[in-house]
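*Asks:* Would you be able to build a 3D model of this:
(chains A and B)
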Amino acid sequence: MAEIVLDVRNQKTSFVTGRGMLAAVDGVSFTLERGKTLGVVGESGSGKSVLSRSIMRLLPGNALVPADSRVVLNGKDLTRLDEGALRRLRGPEMAIVFQDPMTSLNPVLTIGKQIMEVLTFHLGMPKRAARVRAVELLKAVGLPQPDVRVDQYPHQLSGGMRQRVAIAIAIACDPDLLIADEPTTALDVTVQAEILDLLQRMVRERNMAMILITHDMGVVAGRCDEVAVMYAGRIVEQAPVRDLFRNTRMPYTAALLSSIPRVTDPPHRRLDAIEGRPPDLINPPPGCPFAPRCKLADAACDAGVPPLEGPGRHRYACIRPLGQEAAA
Amino acid sequence: MNDLTPFLAIDNLTVEYPLAGGRKVHAVTDFTAHVRRGETLGLVGESGCGKSSAARAVMQLPRPTGGQVTLDGQALTGLRGQALQKARRRFQMIFQDPIASLNPRMTVREIVSAPLDIAGIGTRAERDERVAAMLEKVGLNADQAMERRPHEFSGGQCQRISIARALVLEPDLLVCDEAVSALDVSVQAQVLNLLETLKRDLGLTMLFISHDLAVVKHVSDRVAVMYLGRLCELADAETIYTAPRHPYTRTLLSAVPEPDPDAPPRAVSMVPGELPSPVNPPSGCPFRTRCPRASDTCAATMPPLEEMAPGQFVACHHPHDGAGISA
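*Replies:* Below is the predicted model:
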């Protein structure tokens, strides 16, 4: 039995807004094993970033998490830990890489200082040794001239280089769980390929578990073991990556896949757009959140929210799944 | 090149931005492309390649440093003041950020009507009628939308409002600068389909700028690939994607992640390193510092744009033979 690094159970995260309670993450459960990468895909507002911050316990003050939500990392229930204990875990046990390396790095500290800070705080490394280690880490993430760059400031680096630095900081204390939240969305496509290669290599070499959050189905297709598709704060389908693409069950996943323009399509192919827009999370529909836009929905779909269930590791939240004839 | 009488002719376009100390950002250098009436030319490249600067230079926003832009026989680069304002009715633009490009204090009626007001077209009632008809055409309910303000709409709906504003003067040329890049895929598909429909119904000529190669392929008849201010390759959409000859085009295509778990992993063939600065571009071919095929010739001279197959123009000393890319 593989070692389970992360166990998320019924995570719910809501925000108090002027119009009422907004359920950004609405009952998400999954487990993640060491050495595996879970892709989390969704459109804006689907809750994927709030989920990553809920796991890291990096939520703003107006966020509400009910008492029965659980995030268990290496057997420790993060929901029961105070801020001091969480701080000691962020780095050695879990780390996150954000979308925009310009805002996630401190502009007035050299990148060397920002890496050394982590090493001295968590590992108690003396300054000298921390600096040597910082250069090693910059080398490991493929930053050219690491011994020169270590004394530079973020603004002296390109976007791709800054993201490499953010990854170096994230892996500095060998975390068991790495969350990459849209790590390449701000980068050009050729740089994106390099950064995704780097993340994949780090996961393999260090035997970490990774959650790769993205809006891009192309990114998850080649880089993940399993994929979870989120819609309106819930996981609506989760499966090993080939199953998700080849044996899609949830109509939302299918609609999302067919709305993507592909370089392999002939020019001017009409795209299968999903009409309408995602539901208002302050007043969600009573049943399946995708039902109002779903071509296969009927009255039963409005009766209640379908649970995420399914055979084996392929789970879907749908009472009118695709390919049912084949499965019967 | 291309056609004897292009509808939009961009010739030897150069855009430079001055910096302190007499230095310059060479945003676009000697860019030439001709677009036929009713055709969509896609302009792709990574950040800093000059695609947006080229688009703005076509719009005369601001006027280019050098070169000529001619629309339907009229030299836009020569126009000033009132004459330019009058000519602008024929070419309009939509921008990337659908929310930032709409004035939050104005109602949708005021926003879409503004071009008509400026051009002094029709009575108020006639203008309202045209605004309403245009809103319906872009898929909005005019009765519900007219008196509302941008914040009441989603990103996709705001982009529809932008499109209505751009098209209300019935322009011939529509310039789309990353027009769908800020939208989610499901909404992006709606807007792309809408643009295709409008182009067909209204006979629009389009210049479509995007960093997303898949999006560009969906709307373009021909595609121009830019790198560091220069045109690398220009060909019909199918050829660019299936038989590219410029090493940069091939690099760019191989880096696009395909939404297919069984797609064979493709190595991105590019020399590791960084994009050179447009303030101080490399001598000769700008791609030579990252190009696996570069030689001394590439450092010495900029390769001229040559027609290497019918309709396929490539600026490279060592082009590929045009064999399929995925094979």
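
*Asks:* residue ranges of the helices in chain B, please?
*Replies:* Under the criterion DSSP state H, helices of chain B are mapped to B:51-58, B:81-87, B:108-119, B:124-137, B:142-145, B:155-167, B:185-202, B:213-219, B:237-242, B:247-254, B:296-300.

*Asks:* got those helices as TSV, with mean pLDDT and mean neighbour count columns?
*Replies:* Any C-beta I mention is one placed from the backbone N, CA and C, and that applies to glycine too. Output for the helices of chain B, formatted as TSV (pLDDT from 0 to 100; neighbours: other Cβ atoms under 10 Å in any protein chain shown):
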stretch	mean pLDDT	mean neighbour count
helix B:51-58	94	25
helix B:81-87	92	11
helix B:108-119	95	20
helix B:124-137	95	17
helix B:142-145	92	16
helix B:155-167	94	24
helix B:185-202	93	20
helix B:213-219	94	25
helix B:237-242	94	21
helix B:247-254	94	24
helix B:296-300	96	14
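
*Asks:* could you dump those to a markdown table with distance to A:P266?
*Replies:* Below are the helices of chain B laid out as a markdown table (distance: least, Cβ to Cβ, whole Å):
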| stretch | distance to A:P266 |
| --- | --- |
| helix B:51-58 | 24 |
| helix B:81-87 | 36 |
| helix B:108-119 | 34 |
| helix B:124-137 | 26 |
| helix B:142-145 | 34 |
| helix B:155-167 | 24 |
| helix B:185-202 | 13 |
| helix B:213-219 | 8 |
| helix B:237-242 | 7 |
| helix B:247-254 | 16 |
| helix B:296-300 | 34 |
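
*Asks:* Surely B:V168 and B:M134 touch.
*Replies:* Yes - the criterion here is Cβ atoms under 8 Å, and B:V168 meets it with B:M134 at 4.8 Å.

*Asks:* out of the helices of chain B, nearest to A:P307?
*Replies:* helix B:185-202 (24.1 Å; Cβ to Cβ).

*Asks:* now check the closest one, is it near chain A?
*Replies:* Yes - Helix B:185-202 is in contact with chain A by Cβ under 8 Å from any Cβ of the partner chain, via B:V185, B:S186, B:V187, B:Q188, B:A189, B:Q190, B:L192, B:N193, B:E196.

*Asks:* counting contacts, what elements does that helix pack onto?
*Replies:* With contacts defined as 3 or more Cβ pairs under 8 Å, 6 or more residues apart in numbering or on different chains; DSSP states H and E, the packing partners of helix B:185-202 are helix A:251-259, helix B:155-167, helix B:213-219.

*Asks:* can you put those in a markdown table and add distance to B:A243?
*Replies:* A markdown table is the format used below for those (distance: least, Cβ to Cβ, whole Å):
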| stretch | distance to B:A243 |
| --- | --- |
| helix A:251-259 | 27 |
| helix B:155-167 | 33 |
| helix B:213-219 | 14 |
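
*Asks:* Figure out which of those is closest to A:C318.
*Replies:* Nearest to A:C318, of all the helices and strands packed on helix B:185-202, is helix A:251-259, at 6.7 Å by Cβ to Cβ.

*Asks:* Quick one: check that closest one for contact with chain B.
*Replies:* Yes - against chain B, helix A:251-259 shows contacts by Cβ under 8 Å from any Cβ at A:A255, A:L256, A:L257, A:S259.

*Asks:* now the angle from that helix to helix B:185-202?
*Replies:* Angle between the axes of helix A:251-259 and helix B:185-202 is 40 degrees (criterion: axes from the mean of the first three to the mean of the last three Cα atoms, to 10 degrees).

*Asks:* how much distance is there from helix A:251-259 to the middle of the chain?
*Replies:* 20 Å (Cα atoms, centre = their mean, to the nearest Å).

*Asks:* any idea where the helices of chain A begin and end?
*Replies:* A:48-56, A:83-89, A:101-104, A:111-123, A:127-140, A:146-149, A:159-171, A:189-206, A:217-223, A:241-246, A:251-259, A:324-327.

*Asks:* I'd like those as a markdown table, with mean pLDDT appended.
*Replies:* Conversion of the helices of chain A to a markdown table gives the following (pLDDT from 0 to 100):
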| stretch | mean pLDDT |
| --- | --- |
| helix A:48-56 | 95 |
| helix A:83-89 | 95 |
| helix A:101-104 | 84 |
| helix A:111-123 | 95 |
| helix A:127-140 | 96 |
| helix A:146-149 | 94 |
| helix A:159-171 | 94 |
| helix A:189-206 | 91 |
| helix A:217-223 | 92 |
| helix A:241-246 | 96 |
| helix A:251-259 | 95 |
| helix A:324-327 | 53 |
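
*Asks:* B:I121 contacts B:R127, doesn't it?
*Replies:* Yes - under the criterion of Cβ under 8 Å, B:I121 makes contact with B:R127 at 6.8 Å.

*Asks:* so what's the residue most central in space within chain A bridging to?
*Replies:* The C-alpha lying nearest the average C-alpha coordinate of chain A belongs to A:I213 (Cα atoms, centre = their mean; 2.8 Å). Legend: beta-bridge partners of A:I213 under DSSP bridges are A:V40, A:D181.

*Asks:* Next up, the contacts around it.
*Replies:* A:G39, A:V40, A:K48, A:S49, A:L51, A:S52, A:I179, A:A180, A:D181, A:E182 (Cβ atoms under 8 Å, 6 or more residues apart in numbering or on different chains).

*Asks:* before we move on, what about A:T184?
*Replies:* Neighbouring residues of A:T184 by Cβ under 8 Å, 6+ apart: A:Q163, A:V191, A:Q192, A:I195, A:L196, A:T214, A:V219.

*Asks:* next one: A:Q238
*Replies:* Contacts of A:Q238 by Cβ under 8 Å, 6+ apart are A:F30, A:E226, A:V227, A:A228, A:V229, A:L244, A:L308, A:R313, A:H314, A:R315, A:Y316.

*Asks:* and with 7 Å instead?
*Replies:* A:F30, A:E226, A:V227, A:A228, A:L308, A:R315 (Cβ atoms under 7 Å, 6 or more residues apart in numbering or on different chains).

*Asks:* what's the spacing between the third one and chain B?
*Replies:* Read that as A:V227. From A:V227 across to chain B, the span is 9 Å (Cβ to the nearest Cβ, to the nearest Å).

*Asks:* Next: the last one.
*Replies:* A:R315 sits at a distance of 18 Å from chain B (criterion: Cβ to the nearest Cβ).

*Asks:* That residue reaches A:P306, doesn't it?
*Replies:* No - the pair A:R315 / A:P306 is not scored as a contact, 10.9 Å apart, by Cβ atoms under 7 Å.
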